[in-house]
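# Using only what follows, build the 3D model:
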Amino acid sequence: MKVTYQQQNLPFQYPFTISKGTKTHQPSLIVTLEHRGIFGHGEAPAITYYNIPVEKMVEDLERKKRMVEQFAFMEPDRYWHYLHHLYPQNNFLVCALDIAAWDIYGKIRQQPLYKLWDLNMGKAALTDYTIGIDTIDKMVEKMKAKPWPIYKIKLGTSEDIAIMNALRQHTDAIFRVDANAGWTTEEALEKIPVLADLGVEMIEQPLAKDNWEGMKRLFEVSPVPLIADEACVLEQDVERCHGHFHGINIKLTKCSGITPALRMIRKARSLNMKVMVGSMNESTIGSAAIAHLGPLLDYMDADGPMLLSEDLATGLTYDNGRVLVSDKPGLGITLL
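Next comes the predicted model:
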């Protein structure tokens, strides 16, 4: 095994604002593994509030690069366990390497990932398109510029209801809301019924990730499903969210890759919870990993390439909510 990498800083089409702040570019680490002449690619975007910048991923990779390369690769599960113990404090780096390993494995088996998992892409969840926080007029403008069947609206402001009322005047599309932990319990109790009346399909992380008492109250009365995001990072978080949320949003980068995500999906289903896999503004590389999981999901957020004004690969096609993957083996992507 041989590993190479590149650092990227991809610009957004619009400044991307959530309740935690604004950014104009998405920094990411792209890794490439080579195994017996077969190349696999993976991606890990850096998120400021998780304190793992691209520089930290590179530093950790360089420090144990020889050990990463010396592993006798046979299949991704074993490689993930090896990487997990090699980098116990850097799930982001493990994710990039794990995605690349799955890309290689699919190419070895000469099948796209969804076929390896015996999935029917015709049953894949549709992806939403995210509208970041902005002035009301600008949010309406962003939505009208991208006709789409499902919008995810970032909220967590004093104008949340005004925003949603204004958007609803211009579309009959399905709305999803992501508060990014931006509400208090009392705010959520007031806003959720109003949002339900405005046709909101589900709400992500209404409260702070450690407000379990508040989430229990919301869970018991909410007319729409509440989906854990910041409160569900690792595999062990799934069971903790049971009885507080109706479902979980898995982020590949946060949980450390495709391998643990598959286990999290199985665990959530065993608890009768809904499942979403969400975007961290990945390019086509990371978004392809999400898309192949589509048939396993209730909700999908794989809109990274649509939000960025530059991309790093080809292999995904977006068609009115559908994410069409290539039938090439592995992720089915080609680097630009």
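
# In the chain, which strand is the longest?
In the chain, assigned by DSSP state E, the strand with the most residues is strand 2-18.

# Now do it: which elements does it pack against?
Packing partners of strand 2-18 (3 or more C-beta pairs under 8 Å, 6 or more residues apart in numbering; DSSP states H and E): strand 21-35, helix 54-63, helix 65-70, helix 304-307. All C-beta atoms are positioned from the backbone trio N, CA, C, and that covers glycine.

# For the stretch 101-250 of the chain, just list every one of the helices.
Using DSSP state H, counting those that start in this stretch, the helices found in the stretch 101-250 of the chain span residues 113-116, 136-145, 160-168, 185-197, 212-221, 237-241.

# What mean pLDDT does the first one get?
Averaged across helix 113-116, pLDDT comes to 98.

# Only alpha carbons, please: show it as PDB.
Taking C-alpha atoms only, helix 113-116 is exported to PDB below (Å, rounded to 0.1, in the frame of the first residue of the first chain):
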ATOM      1  CA  LEU A 113     -20.100  -0.200  -3.900                       C
ATOM      2  CA  TYR A 114     -23.800  -0.300  -4.000                       C
ATOM      3  CA  LYS A 115     -23.700  -3.700  -5.800                       C
ATOM      4  CA  LEU A 116     -21.200  -5.000  -3.300                       C
END
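
# related to what we said a few turns ago, residues in contact with the longest strand of the chain?
The list of residues contacting strand 2-18 from outside it, by C-beta atoms under 8 Å, 6 or more residues apart in numbering, reads 22-35, 54, 58, 61, 65, 68-69, 97, 132-134, 142, 154, 156, 178, 180, 281, 283, 306-312.

# thinking again about what came up before, looking at the helices and strands packed on strand 2-18, which is buried most?
helix 304-307 (a mean of 22; mean count of other C-beta atoms under 10 Å).

# Determine how far that helix lies from the middle of the whole chain.
12 Å (C-alpha atoms, centre = their mean, to the nearest Å).

# Run through who's touching it.
Identification of contacts with helix 304-307 by C-beta under 8 Å, 6+ apart yields 12-14, 16, 26, 129-130, 146, 279-284, 286-287, 311, 316, 318.

# do that again at 6 Å, thanks
Phe12, Ser279, Asn281, Glu282, Thr284, Ser287, Asp311 (C-beta atoms under 6 Å, 6 or more residues apart in numbering).
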